[in-house]
Every structure is written in structure tokens, then in C-alpha cells.
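Undergrad: Okay, sequence plus prediction incoming.
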Amino acid sequence: MFRRTLTLLLLIVVALAGAGCRKNKAVNPIAQIDSKQPDKVLFDRAMDALQHNRFDTARITLQTLINTYPDSEYIARAKLAVGDSWYEEGNAASLQQAEAEYKDFITFFPNMPEAAEAQLKVAGIHYKQMEKPDRDFTHAKRAEDEYRQMIQQFPDSKLVPEAKQRLLQVQEVLAEREYRVGRFYFVRESYAPAIARLRSLVDAYPLYSQIDEALFTLGQAYEGEINTIRAGKMQETSKANILNDLTNKAAESYAKIITRYPAMDRVADAKNRLQALHRPIPTPTAEMIAQNKKEEESRSQSGRLATIMGNFKKRPDMAQAVKIGEPSLEEPKQTSAPQVMKDMMSAATKDIDGKASVETIKSGASKENDPVPHSELAAPPPNQVNDVAVDSPSPKLDNAAAESSSKGQGQTQTKDNKDQAQSKDTKDESQSKDKDNQESSSKQKKKKGLRKLIPF
């Protein structure tokens, strides 16, 4: 009897203790880390679906969380996860939707740390769709703009170094495109557009892997334009001004290879061209030599197999992009071929000291609003009469002589015109007679009688 009573008491104590424990756990269910809040449950389910590539399920769950719990602490992360679901899906339409979601997130939460991540992913959308330099460059240009915006808008973000490295790779592709276009014009001896493209390249992308080739080709284009000007017909003073200006620009391009890129391959060729142009050869500083060596050492080369397989891929090869240095954050200023021709025309109106030349003023320099020629500078017409020289000792006698010569020329021209008119009338009359004779001889006689029925 006593044992039964003791056993019953022990069971009651154990039951009360268990009930007390369950009661304490249910008092504050959100105190634990793994507490089951409804909004957190939805967010966890969406993240699990996203990890298993169930993108539609993840988006539906996240939209339910956003619409049902607008004040939840998971709202911002849920909106960012919606963009991630589209981004991970990967096709073109999904990437466009992901960009819209990320832009909305930046608009609604601009001060959150995740805003920089959203902007980086917007740039990454276009980075993933970039094509080779000889193909469409729309996504490469958009990626450049988005990376620049991310670096400038969120300068304190920990993601800035990654954005700068990606921007250097994008600019390598854009610079390669500009160089190929400039080289295309240079080979076909279209020097003005070649100069425009190459000048834009060297100004906008100084860390391009083939920058020495671009500068050397730019100098060669200036020298090609020099040969074109020398072969043309124009006043000697204007020609000398243009040749001097083009020679200075060619020498400047060669000198920049030596001073800014002294560790690259075209240094020896640049020195030879400066000697041929009778220009001094600059000496690079030790700091610039060390900097350029570090830039060249940071580049990598694709293997032979990767190069062969790259011909069958849509993505560009960005292995040669520099991995140190600061990318260009300013919008590149494009130089056009008409602007190059306009610069040469303005150089023609000034002498070496920068003053307007007398001969150019007399012959009539092109005004600011005049159309720019598309090819070589036009030579003055051969029959154009020059004005009276400024230092003429007797302008009255020169005027009288000019009037008398003009009268004589007018009389002679009148007589010649009469003779030409008479000869023309005689010729026309003879031609009309010959034509009548041919027409009369070609006519057949009418047939009579039975001959009308005979076909021959």
C-alpha cells in the first residue's frame, strides 16, 4: 500500500514538472533565436526555394511576405531577394526584370548597405551580357556607366574594390574596340577618322593593354596626314603651318610612349621616329618606370587552348586587363573626324608664332560656320586672281595696269566668243543637213500594183 502511494506521488510530481516546463516555454516563444515568427517562416521558405532553384515558388512566397507584413524587418531583404531570384534565373527577360527590381530597391532603400550591392548587381547584369570588341558594345557601355555610378554613389562601400576591378575589365573591351576601328581607318589611309578614334582612346583609357600600339599608330596617322598635305596644292605659308602643327602632334604621341609607358614594346620605335622628326627624346622618371612595370606584371595571358576556344565563345577575353591602378571615372570625350579637319584649318590660318598669316588672310580663310571638307584640304582654283600685294610701291599704277589688262582681256574674250558662236552655228547647220540626208535616204518608195501584195 505504501509503495503504491509513493509511486503515485512520484508520477504526480513528474507530471507537474513537465507541465511547468511546457508552460515556461510557451510564455515567450519569440525569445529564442529559432522562434517561429510568421514573417520569418515565409522568408526562410523563400530562401530555401531559392537555393533549390525553385524561382517561381520563391517569388510567390516573398510577395506574400511583402504584402502581408509591410512593417516586417525582413521587407528590405525580401525585396532584394526578389531581384536575386530573377538574376539567378539567368535568361535575357529575367535579367531585365532583375534590373528593374534592383533599381526599385535602390529608390526605396538608398541608405541601406544593401543598396550598394543592388547597384553592383545592376552593373553585373550588363557585365554578364557583354560581347567581343568586334560585336555589339551596348552592354559593355551600360556596364561601364553602372560601375561608375556605383563607385561614385557609394564610395564607402566595401564592394568598391570589386567594382573597380570589373570596370577595368570593361574598359579593356571598349578600348580594344576603339583601337580596332582606328586601325581600320589607318590601314585604308583615312587618316582624319583614324586620328579621331585613336585620340579618343588614349585620352579615355590610359590603362589599355595595347596603349603603346595605339599611341604609335596615332603618330603614324599624323605622319600620313603630313604626306597628304605635302602632296596637295595650297599656299606655302598655310602648308607650313599645318605641317608644323601635325609634326608637333606626332612627336607628342611618340614622346608619351617614352615618358608614360617606358616598359612597353614600342619605346625603341618611338625614339627612332622622334629622331626622324628632329625632335628631342625625353627621359622617363624612375617612378614612372616602376609604375609601368607593375602595371605590365599585373596582366595575365590566356593559354593557347583558351585562346582557341575563345573563338567559339560570345564572351570577350579580358585576361590582359590591368589589375592595379584607378579606372577612368569620367565620361570619355569623343573626337570626331570633322573636328580634326577643323583643327587643321585653324592651324593653317596661324603662323608658327600663333599670329594670323598675311597670305591666308588675302586668299580668304575659312570662317567658323563654313562646312568642313571631308577629305584633303581643297586647293585654290587655278584661275583665281590674287589680290594686290600689301607692300606694293605704286598701287595706282598697278590699278591702272590691272584695268587696262582687264579691258584687253575683255575685248579679246568678246572676239573669241563671237568666233566660237559663228563656228557653232556652222557646225549645227551642217549636222542638221546630214541628219536630213540620212532621213531622206532611209525612206523607202511606195509600192504600186501587185507589188503591194508581195512581202519582199
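TA: Perfect, I can see it now. Numbers count the residues shown, from 1 in each chain.
Undergrad: Okay, buried residues for stretch 257-277 please.
TA: Residues of stretch 257-277 classed as buried: 257-258, 260-264, 266-267, 269-271, 273-274, 277 (neighbour count, 16 or more other CB atoms under 10 Å). C-betas here are computed from N, CA, C, even on glycine.
Undergrad: Taking those residues together, which two end up most distant?
TA: The widest separation within those, taken as CB to CB, falls between 263 and 277 and amounts to 23.3 Å.
Undergrad: for the protein, which spans come out with low pLDDT?
TA: Low-confidence segments of the chain, defined by pLDDT under 70: 1-36, 350-456.
Undergrad: Please enumerate the strands of it.
TA: Read by DSSP state E, the chain holds no strands at all.
Undergrad: Can you list the neighbours in contact with stretch 99-115?
TA: Contacts to stretch 99-115, defined as CB atoms under 8 Å, 6 or more residues apart in numbering, come from residues 76-77, 79-80, 82-83, 86, 118-119, 121-122, 125, 154, 157.
Undergrad: wait, which of those residues is closest to residue 210?
TA: Comparing the contacts of stretch 99-115 against residue 210 with CB to CB places residue 125 closest, at 28.1 Å.
Undergrad: what's around that closest one, how many residues?
TA: A count of nearby residues for residue 125, using other CB atoms under 10 Å, gives 22.
Undergrad: was I right about it contacting residue 95?
TA: Yes - with contacts counted by CB atoms under 8 Å, residue 125 reaches residue 95, the gap being 4.9 Å.
Undergrad: Mind jotting down where the helices sit in the stretch 251-400 of the chain?
TA: For the stretch 251-400 of the chain, helices defined by DSSP state H, counting those that start in this stretch occupy the ranges 267-276, 286-298, 304-310, 337-348, 358-363, 395-442.
Undergrad: give me every residue that touches the nearest residue to residue 277 once chain neighbours are set aside.
TA: Excluding the flanking residues, the one nearest residue 277 by CB to CB, 6 or more residues apart in numbering is residue 251, at 5.4 Å. Counting by CB under 8 Å, 6+ apart, residue 251 touches 219, 274, 277, 279.
Undergrad: Contacts for stretch 71-85, please.
TA: The contact list for stretch 71-85 (CB under 8 Å, 6+ apart) reads 39-40, 43, 46-47, 50, 55, 58-59, 62-63, 65-66, 69, 98, 101-102, 104-105, 108-109, 112, 114, 117-118, 121.
Undergrad: and those residues, which are buried?
TA: 39-40, 43, 46-47, 50, 55, 58-59, 62, 65-66, 69, 98, 101-102, 105, 109, 117-118, 121.
Undergrad: Show only the entries of those found in helices.
TA: Of the buried ones among the contacts of stretch 71-85, the ones assigned to helices by DSSP state H are 39-40, 43, 46-47, 50, 55, 58-59, 62, 65-66, 98, 101-102, 105, 117-118, 121.
Undergrad: follow-up on the earlier one: just put the contacts of stretch 99-115 in CSV and tack on distance to residue 295.
TA: Formatted as CSV, those follow (distance: CB to CB, whole Å):
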residue, distance to residue 295
76, 40
77, 40
79, 41
80, 36
82, 41
83, 36
86, 38
118, 32
119, 28
121, 29
122, 29
125, 29
154, 26
157, 25
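Undergrad: correct me, but residue 181 touches residue 197?
TA: Yes - counting by CB under 8 Å, residue 181 does reach residue 197; the two are 5.1 Å apart.
Undergrad: Return every residue with contacts to both of residue 125 and residue 95.
TA: The overlap between the contact sets of residue 125 and residue 95 (CB under 8 Å, 6+ apart) consists of residue 87.
Undergrad: Now stretch 162-177: buried residues?
TA: 163-164, 166-177.
Undergrad: and what of stretch 139-151?
TA: Across stretch 139-151, burial judged by 16+ other CB under 10 Å covers 139-144, 146-151.
Undergrad: Likewise for stretch 274-294?
TA: Applying 16+ other CB under 10 Å to stretch 274-294 flags 274, 277, 279, 282, 284, 291-292 as buried.
Undergrad: re earlier: who has more neighbours, residue 181 and residue 197?
TA: The residue with more neighbours, out of residue 181 and residue 197, is residue 197; 26 against 19, by other CB under 10 Å.
Undergrad: could you check the distance from that one over to residue 313?
TA: From residue 197 across to residue 313, the span is 26 Å (CB to CB, to the nearest Å).
Undergrad: likewise residue 137?
TA: From residue 137 to residue 313 the distance is 17 Å (CB to CB).
Undergrad: swap in residue 139?
TA: For residue 139 relative to residue 313 (CB to CB), the value is 15 Å.
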